[in-house]
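>>> Have a look at this prediction, sequence included:
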Amino acid sequence: MGSTADIAAREDVRRAGLSADGPLPRLLTLLRIAEETHIDAADAQRIAAEGGLAIGRAEIADLLEALAGRGLLGRVPTMGTAPVYDSVAHPHSHMLDEATATMVDLDVSPETLSAIIRQAIADQPGRVDVLLRIRAPQPAPAATPRKAGRPRLTAR
């Protein structure tokens, strides 16, 4: 039997409609427990190898895309050529410090995010760029089919 993290990843992969056989659930676990949350294919391949998964770069790239396409990984908007993925999959903001090549999650309230941006602009005049990404609307989840039988009454 696997660890709790492995079991959770396997279930998340299944719920997302992906095959829970093969390396996908284990890769997801390794990415979720890794210290770095923002990774590219090379980082993912290194993390996989350190976790005992020998996977080629092309297969890693395909697995990352599959996980991101089903919402199990996030994608960080970048101007670079290689996609950057985020093991924190829910929508949140980021701050990139080019001088140190450090990316920080800003999983904060809108008010706090505004304050961070104002302070950064004040502290670093002429050096702050803001990329505002407006996400495409997500389709509404499919309605759960009702079982046949007597209609239910609900209080209003």
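Now that the structure is in, tell me what you want to look at. Numbers count the residues shown, from 1 in each chain.
>>> Residue ranges in this protein under the pLDDT threshold?
Low-confidence segments of the chain (pLDDT under 70): 1-2, 139-156.
>>> Tell me how the protein divides into domains.
Taking automatic domain parsing as the reference, the chain has its domains at 4-89, 92-133.
>>> Tell me where this structure has strands.
38-39, 74-76, 84-86, 93-97, 102-106 (DSSP state E).
>>> Neighbouring strands - and their directions - for the second one?
The pairing partners recorded for strand 74-76 under DSSP bridges are strand 84-86 (antiparallel).
>>> Just the residues contacting the strand it pairs with, thanks.
Strand 84-86 has contacts (CB atoms under 8 Å, 6 or more residues apart in numbering) with 31, 37-40, 44, 64, 67-68, 73-76, 78, 94, 103, 105. Quick note: C-beta positions are derived from backbone N, CA and C, even for glycine.
>>> what about 6 Å?
Strand 84-86 has contacts (CB atoms under 6 Å, 6 or more residues apart in numbering) with 37-40, 64, 68, 73-74, 76, 78.
>>> just the buried members of those?
37-40, 64, 68, 73-74, 76 (16 or more other CB atoms under 10 Å).
>>> ok so, going back, determine which stretch of the domains of the chain is the most buried.
For these, the largest average neighbour count (mean count of other CB atoms under 10 Å) is found in domain 4-89, namely a mean of 16.
>>> Pull up the distance across that domain, start to finish.
Start-to-end span of domain 4-89 (CA to CA, to the nearest Å) is 19 Å.
>>> Do you have the helices of this protein handy? List them.
Secondary structure of the chain by DSSP state H: the helices cover 4-15, 24-33, 41-50, 57-69, 110-123.
>>> could you dump those helices to a markdown table with distance to Leu132?
What follows is the helices of the chain, written out as a markdown table (distance: least, CB to CB, whole Å):
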| stretch | distance to Leu132 |
| --- | --- |
| helix 4-15 | 30 |
| helix 24-33 | 27 |
| helix 41-50 | 26 |
| helix 57-69 | 21 |
| helix 110-123 | 10 |
